[in-house]
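>>> sequence unavailable; structure follows:
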């Protein structure tokens, strides 16, 4: 798999809570950041205080292999209580895209989280430029990390939603 292919990861979990309750959790960027091993802090920009189409937020991230960096994220879709999605760094050519989808199902909520890397430049694409012979290995390793993060986030969100 190559970076320019726009590789994706995703997972789905059934949550024994209504979509509105799950929505309150997934649209809270501070909560989502607290569930991440990479995101250290986030904050809304331009006086915004909640998820809304066109809103922006900044995240500070830390990874042992890369160090610390910040990203600016643009909310590209926000339809309560169904979809919350954002693009990182650039709306047209994001360095990554993230998405939560909520569907009422089975007396609760089917919650899907999805992420795509690229096509825009990122720390990952710079690592690949430095070692083009290792591209597939670098991408595969990053996808494994993203998948593990998504799996952990969905499990934590389900637990939080179900205990309230």
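Great, that's in hand. Fair warning: this is a prediction, and the values are worked out from it, not measured in the lab.

>>> next one: stretch 33-40 to chain centre, how far?
Relative to the centre of its chain, stretch 33-40 is centred 10 Å away, using Cα atoms, centre = their mean, to the nearest Å.

>>> ok, residues contacting that stretch?
With Cβ atoms under 8 Å, 6 or more residues apart in numbering as the test, stretch 33-40 has contacts from 32, 41-42, 59-63, 68, 149, 152-153, 156-157. The C-beta positions use only the backbone N, C-alpha and C, and glycine is treated the same way.

>>> which of those sit farthest apart?
Greatest spatial distance in those: 68 and 157, 25.7 Å, computed using Cβ to Cβ.

>>> so those two - more neighbours on which side?
Taking other Cβ atoms under 10 Å, residue 68 and residue 157 do not tie; residue 157 has more neighbours (23 against 9).

>>> go ahead and confirm the more buried one touches residue 22.
Yes. At 6.9 Å, residue 157 counts as touching residue 22 under the criterion of Cβ atoms under 8 Å.

>>> what touches both of the two?
Taking Cβ under 8 Å, 6+ apart as the criterion, residue 157 and residue 22 both touch 15, 111.

>>> tell me how far the residue nearest the centre of the chain lies from residue 17.
Against the mean C-alpha coordinate of the chain, by Cα atoms, centre = their mean, the closest residue is residue 98 at 3.9 Å. Distance, residue 98 to residue 17, using Cβ to Cβ, to the nearest Å: 21 Å.

>>> same check, this time on residue 139
Residue 139 is 35 Å from residue 17, by Cβ to Cβ.

>>> and the pLDDT at the nearest residue to residue 19 once chain neighbours are set aside?
In this structure, residue 19 finds its nearest non-sequential neighbour in residue 81, 4.3 Å apart by Cβ to Cβ, 6 or more residues apart in numbering. The score at residue 81 is 98. That number is its pLDDT.

>>> ok, residue 66 next?
In this model, residue 66 carries a pLDDT of 83.

>>> what is the burial count for it?
When counting by other Cβ under 10 Å, one arrives at 13 neighbours for residue 66.

>>> please name the nearest non-neighbouring residue to it.
Spatial nearest neighbour of residue 66, chain neighbours left out: residue 123 (5.3 Å); criterion: Cβ to Cβ, 6+ apart.

>>> could you count how many residues lie near the one you found?
Using other Cβ under 10 Å, residue 123 has 16 neighbouring residues.
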